[in-house]
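1. heads up, no residue letters with this:
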């Protein structure tokens, strides 16, 4: 469903025409009112990049440092989203497959069950439980071999994470891509009151093989914390705190270390939970055998015949995933999206090199020159992801008349209404009329998207600041958007 102001925003689309990529048309200075707004930030003018242009216009309304490359932060997700919607299409879905490597006789699989991850960024414990229960409903009661979890659809090297902050126990927004990710790589711990000496503590998903150390005493207070530890190779989940009778239930979130094998443990726990029998063990496999150029799928039996999936779980359609990525600025989803652009995926493992190359080719087809916009992992977490304000606005102009414009605009946070802009730009001309992706790093603040002004014109806007005190510029960025909404 479209949000406040979007029908009118879309109505203006028919009158707009993409700007010819004949080259930049820089403006020497900002309008006087915007000059005062930017100067009032107290930051150097060189730290700002601004480009504001009505859709279909040949020259911008305002520009400042428009040809300088700025760290984009999460406004990089605009580029990733537009490339994916164009290259993959609105009907695209990620697929998680289950293959049986032997016959099923009287409910017993005489071989292994292979769970092949396909890069779905939205797969949840709830969905995985229901999917496995569907296998039981089909008549699969017992697995005589192993459950083999394959995560080879993404082929990433450690050095490719160098520009991105490492994940930590309390930094779920830094979780790294994984082709078989459950609950975005986050463990959920539910704490609630109990009649005994300790509170009731449960994990979602269940984690067989992990010792749960419950140190949440029933008593004064309503606080709890979770931490992961290992003693002599035995993983432990410690929950510590105090929980009085009047405390309501609370959910803690923790990012286990990568070697904890969260997904494999979840499969084992959920299969047992729904009554399935496993004679072997849950282990990891690699259909690519470590070679990103090798075809992973289809699987073939010993006689050379292809093995059809026993079951396939489909992700939501691409527009739904893009909607979540942009509204909440979901970094993991954006990184999965970027990798999914790798040529040959998912039949071949996705690599960042192939994904970057394909995005560069796509940007050139949009009329942008090399160096106008550079993506690293597609999320904006990397400071190697840079863009010129003019190029970002130019990309937005062209996107306005694309086949997937509606899905893209609908995914952007609405000023004062929802997403990362729910509590910004409230009570002014921009409220409900500005559709903008936000961006935030320690040294970066950014806004980019569309603003419908009181005149009825729709503007493509890119406003970025790179400075150690970039947070001070947030009111300035909002003031620029408000000016466009009032006077554009």
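-> In hand now; what should we look at? Owing to the predicted nature of the structure, the values given are computational and were not obtained by experimental measurement.

2. how much space between the residue nearest the centre of the chain and residue 32?
-> By C-alpha atoms, centre = their mean, the chain has its centre lying nearest to residue 333, at 2.0 Å. Distance of residue 333 to residue 32, computed by C-beta to C-beta, to the nearest Å: 41 Å. Backbone N, C-alpha and C define where each C-beta goes, glycine included.

3. from what I see, residue 264 and residue 282 are in contact.
-> Yes - proximity of residue 264 to residue 282 meets the contact threshold set by C-beta atoms under 8 Å, at 5.0 Å.

4. intersection of neighbour lists for those two?
-> residue 149 (C-beta atoms under 8 Å, 6 or more residues apart in numbering).

5. sketch out the low-pLDDT regions of this structure for me.
-> 1-28, 168-171 (pLDDT under 70).

6. okay, now the domains of it?
-> Annotated domains of the chain cover 6-91+318-487, 95-172+260-314, 187-254 [automatic domain parsing].

7. wait, which of the ones you listed is closest to residue 178?
-> Within the domains of the chain, the stretch nearest residue 178 is domain 95-172+260-314; the backing value is 6.0 Å (C-beta to C-beta).

8. so what's the gap between the closest one and the chain middle?
-> 22 Å (C-alpha atoms, centre = their mean, to the nearest Å).

9. what does stretch 176-185 give?
-> The answer for stretch 176-185 is 11 Å, by C-alpha atoms, centre = their mean.

10. may I have the distance across it, first residue to last?
-> 8 Å (C-alpha to C-alpha, to the nearest Å).

11. now the strands for the stretch 51-200 of the chain?
-> 62-64, 70-71, 95-100, 104-105, 108-109, 113-116, 142-143, 147-150, 187-192, 200-204 (DSSP state E, counting those that start in this stretch).

12. including distance to residue 227 and mean neighbour count, could those go into a markdown table?
-> Formatted as a markdown table, the strands of the stretch 51-200 of the chain follow (distance: least, C-beta to C-beta, whole Å; neighbours: other C-beta atoms under 10 Å):
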| stretch | distance to residue 227 | mean neighbour count |
| --- | --- | --- |
| strand 62-64 | 47 | 24 |
| strand 70-71 | 33 | 24 |
| strand 95-100 | 30 | 20 |
| strand 104-105 | 42 | 14 |
| strand 108-109 | 38 | 20 |
| strand 113-116 | 29 | 26 |
| strand 142-143 | 33 | 20 |
| strand 147-150 | 25 | 22 |
| strand 187-192 | 10 | 19 |
| strand 200-204 | 13 | 18 |
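
13. name the SS class of the residue nearest to the centre of the chain, please.
-> Assigned state for residue 333: helix (three-state reduction, DSSP: H, G, I helix; E, B strand; the rest coil).

14. now do it against residue 123, distance only.
-> Taking C-beta to C-beta, one finds residue 333 at 11 Å from residue 123.

15. likewise for residue 351?
-> 21 Å.

16. hey, what's residue 300 bridged with?
-> Judged by DSSP bridges, the bridge partners of residue 300 are residue 306.

17. is it true that residue 397 touches residue 54?
-> No - in this structure, residue 397 is not within contact of residue 54 by C-beta under 8 Å, at 9.3 Å.

18. which of the two has more residues huddled nearby?
-> residue 397 (25 against 22; other C-beta atoms under 10 Å).

19. assumed the more buried one was part of a helix.
-> Yes - according to three-state DSSP, residue 397 belongs to a helix.

20. that one and residue 478: what is the separation?
-> For residue 397, the distance to residue 478 - C-beta to C-beta - is 22 Å.

21. can you check residue 163 too?
-> 28 Å.
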